[in-house]
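Enquirer: build me a model:
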Amino acid sequence: MTREGRPPWTFGQRIAFRFVCAYLLLYNLPFPIGMIPGTERIAELYEKPWEALAMWLATHVFRIAQPLFVGDSGSGDRTYDYLRVLCTLVLATVVMVAWSILDRRRGDYRATYGGLRIYVRYTLAATMLSYGMVKILKAQFPFPGPDELLQSYGESSPMRLLWNFMGYSTSYTAFAGASEALGGLLLFSRRTTTLGGEAGQIVEMELNRVALAEWPLVSRGFRWINEFPYNR
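Expert: Just a heads-up that it's a prediction; the model follows:
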């Protein structure tokens, strides 16, 4: 029994939590730095080691000849993004092993889980709110321009077809953005966390259904937000 009189976590639960905690922090940092005005430069400096690590991996492990594009392209499924996820998985595993050795006698991580849950909730809320607003304001999916309208169907990439569909369907895009923003707003309040998590799951499932393989791969923490076996 722990000091609070609760049963300790099993060995497997502790190992799993250490890995998930390390992965989520490595994946979501440096949030909220970068979203707060005046902190963009700090976020850029944080990304430099990740870029260098991904480029080294691409050159020496996967033998990718062409240089990686790391600039802002509006997409999250570039080669660099996949390498970044791979680096995060490897580093999270290393952190988990080191953490397990140094802190092997701890019975549970309920307090750490509580803090991690709050951090993931606010990260997800801010992400959903920002994505929702750019849809409402037609910034993410603008109306197709003359070049897109004159392009033949066969010359369009799957991603371009998706962008044109969303840009042309103003009402659908606005509805999706409003639903996404509402889910994000609900996540900011502890009392409406569950409702926001469920609403977010429905919205993102619909957006992923429409996008199919062209939608960027984004790690979401909805199940962490709603119910988790450690939250007892």
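Enquirer: for this protein, what's the longest helix?
Expert: Using DSSP state H, we find that the single longest helix of the chain is helix 110-136.
Enquirer: now that helix: buried residues?
Expert: For helix 110-136, burial by neighbour count (16 or more other Cβ atoms under 10 Å) applies to 113, 116-117, 119-129, 131-136. Just so you know, the C-beta spots here come from the backbone N, C-alpha and C atoms, and that holds for glycine as well.
Enquirer: now stretch 44-51
Expert: W50.
Enquirer: can I get it as CSV, trimmed to CA atoms?
Expert: The C-alpha trace of stretch 44-51 is given here as CSV (Å, rounded to 0.1, in the frame of the first residue of the first chain):
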residue,chain,number,x,y,z
GLU,A,44,12.7,27.7,-33.1
LEU,A,45,15.8,27.1,-31.0
TYR,A,46,14.2,24.1,-29.4
GLU,A,47,13.5,22.6,-32.8
LYS,A,48,17.1,22.9,-34.0
PRO,A,49,18.5,19.8,-32.2
TRP,A,50,15.5,17.8,-33.4
GLU,A,51,16.2,18.9,-37.0
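Enquirer: for the nearest residue to Y109 once chain neighbours are set aside, give me its contacts.
Expert: Nearest residue to Y109 in three dimensions, chain neighbours excluded: F17, at 5.3 Å (Cβ to Cβ, 6 or more residues apart in numbering). For F17, the contact set (Cβ atoms under 8 Å, 6 or more residues apart in numbering) comprises 9, 109, 112-113, 230.
Enquirer: follow-up on the earlier one: and the longest helix of the chain, what does it pack onto?
Expert: With contacts taken as 3 or more Cβ pairs under 8 Å, 6 or more residues apart in numbering; DSSP states H and E, helix 110-136 sits against helix 11-28, helix 170-188, helix 193-211, helix 222-226.
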